[in-house]
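Peer 1: A predicted structure for the sequence below; I have some questions about it.
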Amino acid sequence: MEKEIRLIFRKLLFLALLLRPYTMQVSYLPFPKILFFFSLLFIFMMELKAQTLTFEKQEDGWLLLDDGKPRYFYQTATKSLDGKYPRANYIHPLYNTDGEVVTEDFPADHPHHRGIFWTWHQLWVGDQRAADPWICEDIIWEVKNVKTQTNPNGSASLEARVIWKGTGTVKKNILEETLIISYQRISSRAFRLAFDITLKPLLSDVRLGGSEDPKGYGGFSPRIKLSENVGFFDENGAVVPQELAVKAGPWINVTREKAEDPGVVIMGEPDRLPSYQGWILRSENSMQNMAFPGSETLLLSKKAPHLRFKNQLLVHQGMDKQKIANQYRIFRNQP
C-alpha cells in the first residue's frame, strides 16, 4: 500500500511541476503550488520512513529493528539453561510483522533446540569424536568481529566470524565459520531473511555428520512455533511429514493451516548440498530440517572451496504460491 501511495504522490508532483510555470504568471491559481509543496513534503517523509532500519547492540547480541519494530535477535553470548545446553550463534527471537515471536528456545521437549540454528550431531577430528554440537555438548561458539549495515532500500546485513571451539577430548579451535545474515523488507506484511554460511576446518581431518540413524538430520534447522493444525506446502501442494526424510521441492511453506495462511517459508539449495537427504518435517515438538549429509560423515577440506550453504526464510502474513516462487528465483539469483 505504501508503494502505491508514494507512486500517486509522485504523479501529483510531476503534474504540479508541469503546471508550475503557468502558476507563476497567474497568482490566483495557488492549488498547483500547494500541490507541489505537499507532494514534495509527503515524498520526503515517506522516503525518510523507509530508512528506519537500525541494529541495536545489546549485552548478549544484536537486535534488528524495522521502523522501531523488532525483526530478529542474533545471539552472540553463550546462553544456557541452568548451565546445560550452552549455545550461541543462532537467531531467537524471530518476529513476524505483527511483532509476534515465531521461534522457540529451550523448548521442554527438546531443550537443545534453539530458534534458527545450523549444526550437526557429529563433529570428528581424525578418529576422535570431538563434540555433539546439536545437543551443545563439548563445544562452545565464540562470535567475533560482528559488523552490521543498514541501507535505504529496506535491507540490512550482519556479518560475523564464529569459532567452533572444542571443550571435551579436543580442546582446540576446530572450525571457523563465516556468517552473513541479510534482511530485506518485501512489504508491510512480509520480509525475507537470508543466511550465507561457510565452514572452514582449522585442523586436519575434520568431519561433520548428521544423526546416526536412518533420519540423518542435521544442517539448517528452524525451530518454529507450530499451530495445532499446522500445514506444510511446497510448489506442488500439501506435504505430509513422515518419520524419515520426505522428498519435496526446494522450499516448504509452514503455515497455520491452509496454503495461504500466515507462516514461514524455509528455502534452500538442495542441488548444491553434499549428500542431501531431503526434508525432515515434524507437525509438533520439533524443528524442521533440510538434512545433509546424513548419518555418514562429510570430510571438510582445509583448502578452498570450503563447505558453504545458503538458506532463506520468508516471514509472511499470507503469501500465495506464485509470490513464493518469485521470491525463490530472487534467492537463487543472489551472488
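Peer 2: Arrived safely, thanks for sending.

Peer 1: When you work out contacts or count neighbours from here on, use the C-alpha atoms and nothing else.
Peer 2: Will do.

Peer 1: Please name the residues that touch the most centrally placed residue in the chain.
Peer 2: The chain has L193 as the residue nearest its centroid, 3.5 Å off, counting by CA atoms, centre = their mean. The contact partners of L193, taken as CA atoms under 8 Å, 6 or more residues apart in numbering, are 181-184, 312-315.

Peer 1: Give the buried residues for stretch 256-273.
Peer 2: 256-270, 273 (16 or more other CA atoms under 10 Å).

Peer 1: An error on my part: the question was meant for stretch 174-191.
Peer 2: Quick answer for stretch 174-191 (16+ other CA under 10 Å): 174-185, 190-191.

Peer 1: on that earlier part again, go through the buried residues of stretch 256-273 and flag which are in strands.
Peer 2: Residues of these located in strands (DSSP state E): 263-267.

Peer 1: out of those, which one sits closest to P222?
Peer 2: I266 (8.2 Å; CA to CA).

Peer 1: what pairs with the closest one across the strands?
Peer 2: Under DSSP bridges, the beta-bridge partners of I266 are I252, L313.

Peer 1: tell me the contacts of it?
Peer 2: 251-254, 311-314.

Peer 1: any idea how far it is from W62?
Peer 2: For I266, the distance to W62 equals 22 Å [CA to CA, to the nearest Å].

Peer 1: Quick check: which ranges of the protein have low pLDDT?
Peer 2: 1-51 (pLDDT under 70).

Peer 1: Sheet partners, orientation included, of the biggest strand by length in it?
Peer 2: In the chain, with assignment by DSSP E, the single longest strand is strand 173-187. Looking at strand 173-187 with DSSP bridges, its partner strands are strand 155-166 (antiparallel), strand 190-201 (antiparallel).

Peer 1: Need those in CSV (columns: distance to F292).
Peer 2: Shown next, in CSV, are the strands paired with strand 173-187 (distance: least, CA to CA, whole Å):
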stretch, distance to F292
strand 155-166, 19
strand 190-201, 14
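
Peer 1: What residues does F73 make contact with?
Peer 2: F73 touches 61-64, 91-94, counting by CA under 8 Å, 6+ apart.

Peer 1: With R223 instead?
Peer 2: Counting by CA under 8 Å, 6+ apart, the residues that R223 touches are 103-105, 113-116, 286-288.

Peer 1: Give the other helices and strands that the strand or helix carrying R129 contacts.
Peer 2: Secondary structure assignment for R129, by DSSP states H and E: strand 128-131. When contacts are defined as 3 or more CA pairs under 8 Å, 6 or more residues apart in numbering; DSSP states H and E, strand 128-131 packs onto strand 122-125.

Peer 1: How about residues contacting the strand it packs on?
Peer 2: 129-134, 170, 203-211, 297.

Peer 1: K171 contacts K165, doesn't it?
Peer 2: Yes: with contact defined as CA atoms under 8 Å, K171 reaches K165; the gap is 7.0 Å.

Peer 1: quick one: which of those two has more around it?
Peer 2: K165 (20 against 12; other CA atoms under 10 Å).

Peer 1: so how far is L63 from the closest residue to that one other than its chain neighbours?
Peer 2: Of all residues not flanking K165 in the chain, N173 sits nearest, at 4.3 Å (CA to CA, 6 or more residues apart in numbering). N173 sits 27 Å away from L63, going by CA to CA.

Peer 1: Quick check: can you list the domain ranges of this structure?
Peer 2: 2-49, 53-332 (automatic domain parsing).

Peer 1: Show me where the chain has its helices.
Peer 2: 2-25, 31-49, 321-332 (DSSP state H).

Peer 1: May I see the buried residues of the last one?
Peer 2: The neighbour-count check on helix 321-332 (16+ other CA under 10 Å) flags 321, 324, 327-328, 331 as buried.

Peer 1: Dump those residues to JSON lines, plus distance to P86.
Peer 2: What follows is the buried residues of helix 321-332, written out as JSON lines (distance: CA to CA, whole Å):
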{"residue": "K321", "distance to P86": "38"}
{"residue": "I324", "distance to P86": "35"}
{"residue": "Q327", "distance to P86": "35"}
{"residue": "Y328", "distance to P86": "34"}
{"residue": "F331", "distance to P86": "32"}
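
Peer 1: now, among these, which is nearest to H306?
Peer 2: Scanning those for proximity to H306, where the rule is CA to CA, the winner is F331, at 20.8 Å.

Peer 1: contacting residues for the closest one?
Peer 2: Q312.

Peer 1: Quick one: end-to-end distance for stretch 298-318.
Peer 2: 38 Å.

Peer 1: Pull the residues that contact it.
Peer 2: 96-97, 189-209, 220, 260-269, 272-273, 331.

Peer 1: how distant is that stretch from the center of its chain?
Peer 2: Put simply, stretch 298-318 sits 11 Å off its chain's centre (CA atoms, centre = their mean, to the nearest Å).

Peer 1: Which of the residues in it are classified as buried?
Peer 2: Counting neighbours by 16+ other CA under 10 Å, stretch 298-318 gives 298-302, 307-318 as buried.

Peer 1: same question, stretch 190-201
Peer 2: For stretch 190-201, by 16+ other CA under 10 Å, it's 190-195, 197-201.

Peer 1: from the middle of its chain, how far away would that stretch be?
Peer 2: For stretch 190-201 - counting by CA atoms, centre = their mean - the centre lies 7 Å from the chain centre.
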